[in-house]
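Undergrad: below: sequence and its predicted model.
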Amino acid sequence: MKVMSAIWHGVRGRHSHSSILGARMVRFWPLQKCSLPTADGRRLVRPWAALAPGFFLGLPILAPLVRADDRSGARHVLQVVKARRPTLWVPILLALIVGIPAPALPAPVKHVLVLYPYDNALPSTNLAGAAVRKRLAEIAGGNVVVHTAFLDLVEYPNAEDMRRTAEYLAEKHARSDFDALIALNTESFRFALKYRDTFAPGVPMVFCCVTRAFVKSISDLPPDVTGVISDYDMARTLELALQLQPDTRHVFFLSGASDVDHRWLEGWKPQIDPYGDRFDLEYLVGLPFDELLDRVERLPPDSVILSGTLFQDGTGRQMVPAEATAAVAERANAPVYVPADPYIGTGAVGGYMATFEGAGTEAADMVLQILGGAKPQGLHPRTAIGQHYRIDARALDRWSLPRNRLPADSVLLYDSPSIWEQYRELVLAALLVIGLQSLMLIGLVLQFQRRRRAEAAMRSARADLARITRVTTMGELTASIAHEVNQPLAAIVANGNAALRWLGHATPDLSEAREAMARIVQDGLRAADVIAAIRGMVRRGEPASQSLDMGDLVREVLGLLRGEIERNGVTVAREIEENLPSVRGDRVQLQQVILNLVMNAVEAMVGQAAGERRLGVLVARDGDDHVTVSVSDTGPGIPADAAARVFEPFYTTKNHGMGMGLSICRTIVEAHGGKLSLGRNMPRGTTFIVALQTERRSS
Amino acid sequence: MTVRKKQEVLPVVYVIDDDVSIRDGLGSLLGSMGLKVEVFASPQAFLDARRSDGPACLVLDVRLPGVSGLDFQGELVRQGIRCPVVFITGHGDIPMTVRAMKAGAIEFLAKPFRDQELLDAVQIGLNRDMKRIEEEEAAAGMRARLDNLTAREREIFGYVTSGLMNKQVAGELGVSEITVKIHRGNVMRKMGARSLAELVRMADQLDIRRPET
């Protein structure tokens, strides 16, 4: 319903109703395409554009109305369309609604005259006029022709000049009838009020950028005149200054010498004078510009400068007010506050104002309403909306004025936006990526730590397992160990008794006794060595790396195991090369390896006949960089399929033990950078070969 | 008749153990008792060495690399070496002990043993060996003396020691009793027996029987 009303009123030109399209409606995309935003955020439906969807929706209804014998192209198109009804309708409809701008239906061209008070140098009227033109073009397109007139009222200000100007305009536009008049600025409005009958009689007028004071001062506003009032609230601008500079004691108000300047000043004085009670207020009016500049350079501290208009200085020199204010702002030793938008950007801090563009756009809207048929009487002059504080951030920083004291809804101009403001999404994305990467890094670090801990735990568990295996093996070898300790003990007892007997002779044989004592000492130490070796095997502790002679190591192990070897009736063929290069490693661990291999060999030969149990131990160098220890037995050997599994944990063919021995051995050897392998022994049996890297000698 | 005097050859103790400390220790210990000691690291070394014929005793570790002590003992017997054996061991081998004793070992000692235990065992061994040598020498002497007997004397030897009276022997042989008495006297004299009982013992030892008819 609302859509239909909008379309209806759009056609009728009643923008106020078509603007009913609120935020919710705007989301309806096709209508979004057919409508335009207004300055106050509402949307204006293009009247003719709104018809377009209706037209094409209505085609199927209209189609049967086309007569069969009509040979126009329209019929042909309709027939084609009818034939392919479903498949063709939807794309056509969509294309039309989405893409093609609605064709404007032909309408009579309107003429609008825009009056500029001075010339094309004044920024304020330029801005307003440009906004007017843009708005008219936007809405009415080619249906409105905009004419401009620059009145040069500063140069030609008196009544005689103005009359001539009016006549000139009448002559110029003799053959054109204007449908509306736009007066930019109070001065052109004033001119137009007085002289419009000369060049635009009966033409409705819309004023723009005119002060409230002036509009109020008009006793009888003609009914066909309306417009947009601009408040130049100097009091609020001063309030801004006082808020930013609470320690202010001096207020200086600048104004030019021309009539225009005086009129502006008179409008502002009532706003400013009351502040004279609290502050030291001084008006600098009509001074020669150079003097003014000198003056503002030497103002007392805690001063505030309010700049009015400066169209003409004391010497009669014409000026562009915005440029004059810029020069003042540059030279002054106090901040400058200004009444209007064009003054901002050249050094002034800011002020309370509306934009000229906004005012121009609003005025243009009013003109469009009038052109559309609205009665000017029905349109009351209204205030340009959107007045607010506009601040130049650079001037703020120059004077070190606190940003946090700015009024809440200030517009901060020329603020070089921080990276954050400019590239908000990019920064967010970058932060997100960095954040994610950091999370990933943290995750990786945590994982790494966890892995390190796990590895340490595993190493510790392995070490424990190796030790337990050693302890278990030592337990199994108790009988043999007891034998190994027993031998030196028996020798000690025998030697001790011998010594006693030698000494007990009628003539004691001292040399024999002494020899016996010496042997006791040797045998005691030998027993201690055995104990030490066993203790080393069962000790707990971190692997210690030292320089080892593999020959000595093997000898020590064979010594430990001699009892076991004897008990099993095994003959040992031992071959240890001379001058073996040293190997770097943990003594206990490598002994564990050799011990395990020898024990395995002995156990493997249990089933052999008594004379057929031969254990071979060979320690030799292999090239310059390796030492090998080979342990061979004459047992039944290891079948090929089992050979691969032999080093697996828990694999055993024995009916005792855990089967951990060889897997631990391999782990130890490989941890030393070596290799543990096995091969066949001839004519039968197995050989295990431990290859270890020699210690590199640092030259 | 060559009877070697047993005092001419000193008794000797042989020690076989692969552990040098044991060899040295036992060597010194036995030496301090005034015994002659010879030490060997392996059974083979012992077999290869030249040995005296005097009384000897063997101190042998029951577990030696390659060959068990018991097997070696058997080997010794096969080779005709009959000296007594004292076994020592560093292992606590109970089954081995039983077997060893059954095989005739003097003693089975576990290391470390008291010196007196070893010395006593060695002494027993040596005494036994001395006795054996004596017996062997005595037997050898007897056999030599037996060879000196004539055939007839040998016959008489057999009859007389079978429990027959002189008269019965005479009747068996068809000779006079006096002849028998004279032969008997010769036999006793030649054999060196001082009484009939001794002669009978000799006959037992030499395995002389009454000849079968």
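TA: Alright, I've got the coordinates.
Undergrad: hey, let's count contacts and neighbours off CA atoms from now on
TA: Noted.
Undergrad: all helices of chain B, in order?
TA: Assigned by DSSP state H, the helices in chain B fall at B:20-32, B:43-48, B:69-78, B:94-102, B:115-148, B:151-160, B:166-173, B:177-191, B:196-206.
Undergrad: low-confidence stretches in chain B?
TA: B:1-8, B:66, B:92-93, B:212-213 (pLDDT under 70).
Undergrad: mind putting the helices of chain B in a markdown table, distance to chain A and mean neighbour count included?
TA: Output for those, formatted as a markdown table (distance: least, CA to the nearest CA, whole Å; neighbours: other CA atoms under 10 Å in any protein chain shown):
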| stretch | distance to chain A | mean neighbour count |
| --- | --- | --- |
| helix B:20-32 | 4 | 23 |
| helix B:43-48 | 14 | 14 |
| helix B:69-78 | 10 | 16 |
| helix B:94-102 | 11 | 14 |
| helix B:115-148 | 6 | 17 |
| helix B:151-160 | 50 | 21 |
| helix B:166-173 | 60 | 16 |
| helix B:177-191 | 45 | 18 |
| helix B:196-206 | 40 | 16 |
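Undergrad: point me to the residue of the stretch 251-400 of chain A nearest chain B.
TA: Closest approach between the stretch 251-400 of chain A and chain B, counting by CA to the nearest CA: residue A:397, at 102.1 Å.
Undergrad: beta partners of residue A:146?
TA: When assigned by DSSP bridges, residue A:146 has beta-bridge partners residue A:112.
Undergrad: residue contacts, it?
TA: Residue A:146 makes contact with A:111, A:112, A:113, A:114, A:133 under the criterion CA atoms under 8 Å, 6 or more residues apart in numbering or on different chains.
Undergrad: residue A:150 is in contact with the third one, correct?
TA: No. With contacts counted by CA atoms under 8 Å, residue A:113 stays clear of residue A:150, the gap being 10.7 Å.
Undergrad: comparing these two, which shows the higher neighbour count?
TA: residue A:113 (21 against 14; other CA atoms under 10 Å in any protein chain shown).
Undergrad: how close does the closest residue to chain B within the stretch 151-300 of chain A sit to residue B:86?
TA: Here the stretch 151-300 of chain A gets closest to chain B at one residue, residue A:244, 107.5 Å apart by CA to the nearest CA. The spacing between residue A:244 and residue B:86, counted by CA to CA, to the nearest Å, is 122 Å.
Undergrad: over to residue B:164?
TA: For residue B:164, the distance to residue B:86 - CA to CA - is 46 Å.
Undergrad: the more surrounded of these two?
TA: The residue with more neighbours, out of residue B:164 and residue B:86, is residue B:86; 25 against 14, by other CA under 10 Å.
Undergrad: the more buried one pairs with what?
TA: residue B:59, residue B:107.
Undergrad: will you turn the contacts of residue A:146 into TSV that also has pLDDT?
TA: Shown next, in TSV, are these (pLDDT from 0 to 100):
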residue	pLDDT
A:111	90
A:112	92
A:113	93
A:114	93
A:133	92
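Undergrad: in the stretch 51-200 of chain A, which spans are strands?
TA: For the stretch 51-200 of chain A, applying DSSP state E, counting those that start in this stretch gives strands covering A:110-116, A:144-150, A:180-184.
Undergrad: now find how far off-centre the second one is within its chain.
TA: Relative to its parent chain, strand A:144-150 has a centroid offset of 50 Å by CA atoms, centre = their mean, to the nearest Å.
Undergrad: next: the first one.
TA: Here the centre of mass of C-alpha atoms in strand A:110-116, compared against the chain's by CA atoms, centre = their mean, lies 51 Å away.
Undergrad: do stretch A:600-612 and chain B meet?
TA: Yes. Using CA under 8 Å from any CA of the partner chain, stretch A:600-612 comes into contact with chain B via A:610, A:611.
Undergrad: list the buried residues for that stretch?
TA: Under the neighbour-count criterion of 16 or more other CA atoms under 10 Å in any protein chain shown, stretch A:600-612 has A:600, A:601, A:602, A:603, A:604, A:605, A:606, A:610, A:612 buried.
Undergrad: and that stretch, C-alpha only, in PDB?
TA: Presented in PDB, the C-alpha positions along stretch A:600-612 are these (Å, rounded to 0.1, in the frame of the first residue of the first chain):
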ATOM      1  CA  ASN A 600      72.200 -64.600  24.300                       C
ATOM      2  CA  ALA A 601      75.000 -66.500  22.600                       C
ATOM      3  CA  VAL A 602      75.600 -68.700  25.700                       C
ATOM      4  CA  GLU A 603      71.900 -69.400  26.000                       C
ATOM      5  CA  ALA A 604      71.600 -70.200  22.400                       C
ATOM      6  CA  MET A 605      74.200 -73.000  22.700                       C
ATOM      7  CA  VAL A 606      72.500 -74.800  25.600                       C
ATOM      8  CA  GLY A 607      71.200 -77.500  23.300                       C
ATOM      9  CA  GLN A 608      74.500 -78.200  21.700                       C
ATOM     10  CA  ALA A 609      76.800 -81.000  22.600                       C
ATOM     11  CA  ALA A 610      79.400 -80.300  25.300                       C
ATOM     12  CA  GLY A 611      82.300 -79.700  23.000                       C
ATOM     13  CA  GLU A 612      80.300 -77.800  20.500                       C
END
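Undergrad: what average pLDDT does that stretch get?
TA: Average pLDDT, stretch A:600-612: 85.
Undergrad: got it, and stretch A:153-161?
TA: 87.
Undergrad: end to end, how far does it reach?
TA: Stretch A:153-161 end-to-end distance (CA to CA) = 8 Å.
Undergrad: got it, and stretch A:268-283?
TA: Note: stretch A:268-283 ends 11 Å apart using CA to CA.
Undergrad: so for it, mean pLDDT?
TA: Averaged over stretch A:268-283, pLDDT sits at 90.
Undergrad: which of the residues in that stretch are classified as buried?
TA: Using 16+ other CA under 10 Å as the test for burial, stretch A:268-283 gives A:268, A:272, A:281.
Undergrad: any idea how far the most centrally placed residue in chain B lies from residue B:141?
TA: Centroid-nearest residue in chain B, with CA atoms, centre = their mean: residue B:132, separated by 2.4 Å. Distance, residue B:132 to residue B:141, using CA to CA: 14 Å.
Undergrad: pLDDT-wise, which helix or strand of chain A ranks last?
TA: Taking mean pLDDT, DSSP states H and E as the measure, chain A has helix A:15-18 as its least confident helix or strand, at a mean of 39.
Undergrad: before we move on, back to that, distance to residue A:459 added to the strands of the stretch 51-200 of chain A, as TSV?
TA: TSV is the format used below for the strands of the stretch 51-200 of chain A (distance: least, CA to CA, whole Å):
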stretch	distance to residue A:459
strand A:110-116	92
strand A:144-150	90
strand A:180-184	90
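Undergrad: looking at those strands, which is buried most?
TA: strand A:180-184 (a mean of 27; mean count of other CA atoms under 10 Å in any protein chain shown).
Undergrad: and the angle from that strand to strand A:110-116?
TA: When axes from the mean of the first three to the mean of the last three CA atoms, to 10 degrees is applied, the directions of strand A:180-184 and strand A:110-116 differ by 20 degrees.
Undergrad: mind giving me the packing neighbours of strand A:180-184?
TA: With contacts defined as 3 or more CA pairs under 8 Å, 6 or more residues apart in numbering or on different chains; DSSP states H and E, the packing partners of strand A:180-184 are strand A:110-116, helix A:123-140, strand A:205-211, helix A:356-371.
Undergrad: export the ones you listed as a markdown table, with columns for distance to residue B:183.
TA: Listed next are the helices and strands packed on strand A:180-184 as a markdown table, based on distance: least, CA to CA, whole Å:
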| stretch | distance to residue B:183 |
| --- | --- |
| strand A:110-116 | 190 |
| helix A:123-140 | 177 |
| strand A:205-211 | 186 |
| helix A:356-371 | 177 |
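Undergrad: most packed of these?
TA: strand A:205-211 (a mean of 28).
Undergrad: tell me the pLDDT of the residue in the stretch 551-699 of chain A positioned nearest to chain B.
TA: The nearest approach of the stretch 551-699 of chain A to chain B comes at residue A:571, 4.9 Å away (CA to the nearest CA). Here, the pLDDT recorded for residue A:571 equals 88.
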